[in-house]
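>>> Kindly return the folded structure for what I paste below:
(chains A and B)
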There are 2 protein chains.
Amino acid sequence: MKKRLTLHLILFCFISLTLFSQNDLQENYNLMPWPKEVIEIDAAFIINPDIKISIQGTKKKGRVYNASINFLRRLTNRTGIFINEGFPLINDKEASIQIKFDRISTLSLQDDESYSLSIKEKKILISAPTDIGALYALQTLLQLTDYDSNNYYFHGLNINDTPRFVWRGLMIDVARHFQPVHVIKRNLDAMASVKLNVFHWHLTDDQGFRVESKVYPKLQELSSDGLYYTQEQIKEVVNYASSIGIRVIPEFDVPGHASAILTAYPELGSKKEYAYAIERYAGVFDPTLDPTNDKTYLFLKNLFTEIAPLFPDEYFHIGGDENEGKHWDKNLAIQKFKKQHDLKTNHDLQTYFNIKLEEILSNLGKKLMGWDEIMTPNMPTTAVIHSWRGENEGMSKGGSLISAAKKGYQTVLSNGYYIDRMLSVKHHYTVDPIGDVQLTTDERKRILGGEATMWSELVTPLTIDSRIWPRTAAIAERFWSEKEINDIDNMLIRLEDVSNKLEELGITHIRNKEVILRNISNHKDNEALQSLSNLCEPLKVYSRNKGGTEYKTYSPFTLFADACTADAPDAMRFNNITNKLEEESSIIEIKKHLEIWSNNYRNLQPILHNPNVAPLRALSQNLSNTSKILLKAINTKKITQNDLNELKASLHILEEAIIDVELAIVDSLERIIKFCEINYLIK
Amino acid sequence: MKKRLTLHLILFCFISLTLFSQNDLQENYNLMPWPKEVIEIDAAFIINPDIKISIQGTKKKGRVYNASINFLRRLTNRTGIFINEGFPLINDKEASIQIKFDRISTLSLQDDESYSLSIKEKKILISAPTDIGALYALQTLLQLTDYDSNNYYFHGLNINDTPRFVWRGLMIDVARHFQPVHVIKRNLDAMASVKLNVFHWHLTDDQGFRVESKVYPKLQELSSDGLYYTQEQIKEVVNYASSIGIRVIPEFDVPGHASAILTAYPELGSKKEYAYAIERYAGVFDPTLDPTNDKTYLFLKNLFTEIAPLFPDEYFHIGGDENEGKHWDKNLAIQKFKKQHDLKTNHDLQTYFNIKLEEILSNLGKKLMGWDEIMTPNMPTTAVIHSWRGENEGMSKGGSLISAAKKGYQTVLSNGYYIDRMLSVKHHYTVDPIGDVQLTTDERKRILGGEATMWSELVTPLTIDSRIWPRTAAIAERFWSEKEINDIDNMLIRLEDVSNKLEELGITHIRNKEVILRNISNHKDNEALQSLSNLCEPLKVYSRNKGGTEYKTYSPFTLFADACTADAPDAMRFNNITNKLEEESSIIEIKKHLEIWSNNYRNLQPILHNPNVAPLRALSQNLSNTSKILLKAINTKKITQNDLNELKASLHILEEAIIDVELAIVDSLERIIKFCEINYLIK
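A predicted model of the protein is given here:
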């Protein structure tokens, strides 16, 4: 970034900046989420072996102490500089980085998360009301490492920062595919690096129950395939999250999504004599807890009483989504119960169930949170509404967030942040939780924030990082930064840097793509395969898993589609250029791409006999062919009708999804073809 | 491999094979370690969605059940085939893979590890006396997956297999650099894949105490920097290892290597008023337990009594190495004690200490094992001698193994298998534990086997896999296979395949190299850097860490040297070719390499201003220059004296180690230069 930097060094210090100049500054620094206020200073702090961190005040080794060690390790590993002092000092006035904070955060929603960071030539000052603010300041500082031919350095800045929303979350579903502790931990590290502060842990679903229960051990013994967290591991994760400033919200999804629970305890099910079994497919299934059975509430009370203490956070998620009540409809006793209790619909029955749960949780000191289906007329406003449904589910755009807030519920938005739908980062980034809606102060306060949701039907530990990152970093900015920070092009530039730096936290989104391609190609030369994978994207919005019947939990997730990601990088670059076909520089860039692709089919030959590469034949062949013809047309500024016909036929093939991916440059190719037709056609 | 396969299909079945034909077969199958007996059958088992595993007998879900699941997952992920049945069946006669075993192994040294594996067109039969044998058979089968343009398949074979040595180990030092549970687990998986059966866990050293003690909590509180295993985690690892057939031997290194212990409990030290502190450097240090203090034995007795039950194995390693007794010499009370007890040397004093420990461990049902320094005249033969010192330490080649066996000790060899010395796999592969020594049956029986040792002064979780693998797979073959299986060229071919397949177990030796290079190049195009890294090797035999003062535990280990590995792949290929300079095909290959390298300096330009790339300038420039001149000479079959002088000057620079690496093709370049001088010089 340094080249663009010098242009801005003349900015005055200590002036309050307009939003215009904030946008301007965004071109200089790869900060994400963008802070509330950034002021440049004409100075640079050279990173050198004598760098030292001092923490003012407490001698206790808490969050800031650990964060300082991590900061030093990441800095030394990133820069290669041998830092002499590997541990923070306490109250050392000479140390070059000074950290000051007033109190230890309790990680409650009311806690102050703000911080200030001042970088001068010889001194860096961090100041915050809570230790969490100091942690954020260190993350911001790390994002600012820059280099020239002599040094790594931090540019002089004054930053004052505080988040827009208090609830900035990532949900990870560990039921559909289990994610071991180390996978969770590295994602917590990544979350912390972009100032996300809520880890929502979707622990149970039809495909597995993932928590050790000592009271109901059949849950893990019969319903997890041996893939579950021990209570010690839960504590380990919760403690780790807390140590880096992240709250953990557990989710136990009831009364639907209950196949796993009912595999262990079928007597709690709504359908007698039903062969409950761990579900191997993805989809919405019928097994449902029986809300008319007292034993159900006894079970949940005992279970939650056992489990709740593992999760110190006040909020407790009970799911509550996608219960169609089919088994309720088929159970005469349940039908009778509904009549007796004047519960007209299954929704009413579920509300009855939810209110019971709310009491259980309330007695445990917990606030009930649930997916937006729980927002029924009788549901008390002590519940927290997790808004997820939207246009895709036949609801209004933006989901139920605003109406929940207006009705008096605290609420969190996930509609628009379903990263498992494999949509572009641009899509998620432009979803604002509030938008232009006018709210009262109280209503606004009830909108806590949002959560990206990583449902795991199609991800494994090998691929999950590439589905979460880097898009979630942009979502994190949406939750933290001011609404007006919304320049997509600039976001994409900063995102690339953030994405690269996630590697140092062990995030595998880059490295594991190559692992998959090496496996597919049986470790033969796979440059042509790489090239295709940088142009293709996995099918979107659940169309990969057709009708919920294609993939089982133990199907292979090492396929070409698993190596591909949303926002296919070469496609993004190419699509950007083809928007400016009239510019000569665009044509030059386009030709570079076409030259590479025109050789794709030839270069793929050595591995085309491999069973997993063979299905790419048509894609590769037509891409090469299209590229060759377009190249010739552009070079000669001529195209025949025959060539044009061939292009259109090829494009027709390229439009078709194959092996669960789609070519992400079809529109661009169509644009170029159209351009050639208009400008170069020989009549 | 399949092309070479058809040539051998005419081999007769069911004949006992000579060693000659075993060597011959090694060209067809990427098995490692090579089995005792392999017989080809003219058949192939096509891997298809209907593949099913059935286990005969037990309904209990034990090792074989879990191994079968893992087998199915790895097979589906490797081949992309959607296998319908994701779990093994019990007593299903129709299943295509039938597994039969007689009893559950207790993982003792006496247990039978043999197995037989028969692959026919429609059926695969696995039979073994113990479940461990069945596990090995599944690993062998996985190594046999092959493919043609239509299918993945297993070639028809009959295999009868049993190991040469009963102790086939890998030691990992987690004291110098802590390795989290998931790093250990993935390495256990890799060990199992090459039939290693002992994980020796070096848990304490000067740089850290890595086990939670509830009796002496200061050990982890003051002496681990927070990096230690909880007792639950220890159990988790031990259980996991056992589930895949691996014994775990803990090592608590005493009385030397004790800085960490003495940081927590300085009163046990041999030097009063000494400022014991966790050691940050690598080397041999003075802090030593006081062997004359009763409290030392009470401490060790209590500690071992607490810790020993976590490790069910009979063997318990007490280190005992590299104690120079400097602090003993300076302590008058200790001097006096020696006289009183007629202990003439510090060795005698250490023997006194060891015998005390032997009693403590014996009472806990454990056999004492120690590094070869413990083999002193008075040491009882109940101790197990771990032979590590050799020529590098001024001892005889092959270390103390044979003499230990002759003296009546059980013994294990590590001399020759120090993989942290970064020597070539060829070196380790050619070290045979016994060689041509004649032994009695009893002596031979006492030679249990060997262990590769991964000392971790210079490795972190990011790099450790690339230091262990793939070389340890070849060492595993040395421990398992017959002595006569020793064809290096063939081993290298099989090793490459094994190495690639380690990726599917999560081993990061390939992917993390790229991570480091991306970091060094700040995610700019790094092809030229990659090319250099495939030619350079980290400095060998501890010369990287000069005098033990260069690297601290928290120094950066993300340097160019950390991206490089032993057996630099391009260097190995090149060095192979330059041995046959007289062949025209060699010259063609050499030219291809030289062409690439001649552009290295030009291609490196865009990232040369990066502080971590800049030190490679001279290497790159001289490599490019040398390559250009040689190319010209080879192409024109002429070379001037001037060019020759320039080549020699460049070579002089290329010989020099830089940033802790050495160019691994210097000898080859010298050979080519000599060749040009003899054949092409214009006089």
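>>> Only C-alpha atoms from now on, for both contacts and neighbour counts.
Noted.
>>> So for the residue in the stretch 451-600 of chain A positioned nearest to chain B, what's the pLDDT?
Going by Cα to the nearest Cα, chain B is nearest to A:P556 of the stretch 451-600 of chain A, at 4.7 Å. A:P556 carries a pLDDT score of 97 in this model.
>>> List the residues that contact it.
For A:P556, the contact set (Cα atoms under 8 Å, 6 or more residues apart in numbering or on different chains) comprises B:R73, B:T76, B:N77, B:G80, B:I81, B:F82.
>>> Give the burial count for the spatially closest residue to the first one that is not a sequence neighbour, as a bare number.
Counting by Cα to Cα, 6 or more residues apart in numbering or on different chains, B:R73 lies nearest to A:Y554, which is 6.9 Å off, once chain neighbours are set aside. Each residue near A:Y554 was counted by other Cα atoms under 10 Å in any protein chain shown, and the total is 21.
>>> my guess is A:Y554 contacts B:I81, does it?
No - counting by Cα atoms under 8 Å, B:I81 is not a contact partner of A:Y554; they are 10.8 Å apart.
>>> re earlier: double-check that the residue nearest to B:R73 belongs to a helix.
No - counting by DSSP: H, G, I helix; E, B strand; the rest coil, A:Y554 is not found in a helix; it is coil.
>>> can you tell me which helix in chain A is longest?
helix A:617-636 (DSSP state H).
>>> Can you list the buried residues in that one?
By 16 or more other Cα atoms under 10 Å in any protein chain shown, the buried positions in helix A:617-636 come out as A:619-631, A:633-634.
>>> same thing with stretch A:95-104?
In terms of neighbour count (16+ other Cα under 10 Å), stretch A:95-104 has its buried residues at A:A95, A:S96, A:I97, A:Q98, A:I99, A:K100, A:F101.
>>> distance of A:T76 from chain B?
5 Å (Cα to the nearest Cα, to the nearest Å).
>>> And for A:F299?
28 Å.
>>> right, and the helix or strand after the helix or strand hosting that residue?
Per DSSP states H and E: A:F299 is located in helix A:294-307. The C-terminal neighbour of helix A:294-307 among helices and strands, as given by DSSP H and E, is strand A:315-317.
>>> Go ahead and measure how far that following strand is from the middle of the chain.
20 Å (Cα atoms, centre = their mean, to the nearest Å).
>>> ok, back up a step: how far is the helix holding A:F299 from where the chain is centred?
32 Å.
>>> swap in stretch A:145-159?
The answer for stretch A:145-159 is 29 Å, by Cα atoms, centre = their mean.
>>> What residues sit buried inside it?
A:T145, A:D146, A:Y147, A:N151, A:Y152, A:Y153, A:F154, A:H155, A:G156, A:L157, A:N158, A:I159.
>>> Tell me the bridge partners for the fifth one.
Okay, so that is A:Y152. A:Y147 (DSSP bridges).
>>> Does it touch A:G80 like I think?
No - A:Y152 is not in contact with A:G80 according to Cα under 8 Å; the separation is 9.5 Å.
>>> is it true that A:A452 lies in a strand?
Yes - assessed with three-state DSSP, A:A452 lies in a strand.
>>> What backbone torsions are found at the residue of the stretch 451-600 of chain A closest to chain B?
phi -70, psi 130 (degrees, to the nearest 10).
>>> Okay, helices next: where are they in the stretch 401-550 of chain A?
A:401-407, A:425-429, A:441-446, A:464-468, A:471-480, A:488-502, A:511-520, A:527-533 (DSSP state H, counting those that start in this stretch).
>>> Tell me which of the ones you listed sits most buried.
helix A:471-480 (a mean of 28; mean count of other Cα atoms under 10 Å in any protein chain shown).
>>> and that helix, what does it pack onto?
Using 3 or more Cα pairs under 8 Å, 6 or more residues apart in numbering or on different chains; DSSP states H and E, the elements in contact with helix A:471-480 are strand A:167-173, helix A:425-429, strand A:447-454, helix A:488-502.
>>> Now do the same contact list for A:S396.
Contacts of A:S396 (Cα under 8 Å, 6+ apart): A:G390.
>>> Do me a favour and get the end-to-end distance for stretch A:222-229?
14 Å (Cα to Cα, to the nearest Å).
>>> May I see the buried residues of that stretch?
Result for stretch A:222-229 [16+ other Cα under 10 Å]: buried residues A:L222, A:S223, A:S224, A:D225, A:L227, A:Y228, A:Y229.
>>> Which ones, among those, also lie beside chain B?
Counting by Cα under 8 Å from any Cα of the partner chain, nothing from the buried residues of stretch A:222-229 sits close to chain B.
>>> Those residues in helices, which ones?
Per DSSP H, the subset of these in helices is A:L222, A:S223.
>>> just the buried residues of stretch A:222-229 now: which is nearest chain B?
The closest of the buried residues of stretch A:222-229 to chain B turns out to be A:D225 (Cα to the nearest Cα; 9.8 Å).
>>> OK, contacts around that closest one?
Per Cα under 8 Å, 6+ apart, neighbours of A:D225: A:G208.
>>> Look up how far A:H200 lies from it.
23 Å.
>>> Adding distance to A:G394 and mean pLDDT, write the helices of the stretch 401-550 of chain A out as CSV.
Shown next, in CSV, are the helices of the stretch 401-550 of chain A (distance: least, Cα to Cα, whole Å; pLDDT from 0 to 100):
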stretch, distance to A:G394, mean pLDDT
helix A:401-407, 15, 96
helix A:425-429, 19, 98
helix A:441-446, 25, 97
helix A:464-468, 25, 98
helix A:471-480, 24, 98
helix A:488-502, 28, 97
helix A:511-520, 35, 97
helix A:527-533, 33, 98
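>>> Report the separation between A:L109 and A:Y315.
10 Å.
>>> Any chance of a markdown table for the buried residues of stretch A:145-159, columns pLDDT and distance to B:A282?
Converted to a markdown table, these look like this (pLDDT from 0 to 100; distance: Cα to Cα, whole Å):
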| residue | pLDDT | distance to B:A282 |
| --- | --- | --- |
| A:T145 | 97 | 30 |
| A:D146 | 96 | 31 |
| A:Y147 | 95 | 30 |
| A:N151 | 94 | 28 |
| A:Y152 | 97 | 27 |
| A:Y153 | 97 | 29 |
| A:F154 | 98 | 32 |
| A:H155 | 97 | 35 |
| A:G156 | 97 | 37 |
| A:L157 | 97 | 39 |
| A:N158 | 98 | 40 |
| A:I159 | 98 | 40 |
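>>> May I ask which two of those residues are separated the most?
A:N151 and A:I159 (22.7 Å; Cα to Cα).
>>> what number of residues lie near A:H652?
Neighbour tally, A:H652, other Cα under 10 Å: 12.
>>> How far away from the center of its chain is stretch A:417-434?
9 Å.
>>> that older thread, I'd like the helices and strands packed on helix A:471-480 laid out as a markdown table, including distance to chain B.
Converted to a markdown table, those look like this (distance: least, Cα to the nearest Cα, whole Å):
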| stretch | distance to chain B |
| --- | --- |
| strand A:167-173 | 19 |
| helix A:425-429 | 21 |
| strand A:447-454 | 22 |
| helix A:488-502 | 7 |
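>>> Export those to JSON lines and append columns for distance to B:H341.
Shown next, in JSON lines, are the helices and strands packed on helix A:471-480 (distance: least, Cα to Cα, whole Å):
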{"stretch": "strand A:167-173", "distance to B:H341": "65"}
{"stretch": "helix A:425-429", "distance to B:H341": "76"}
{"stretch": "strand A:447-454", "distance to B:H341": "69"}
{"stretch": "helix A:488-502", "distance to B:H341": "61"}
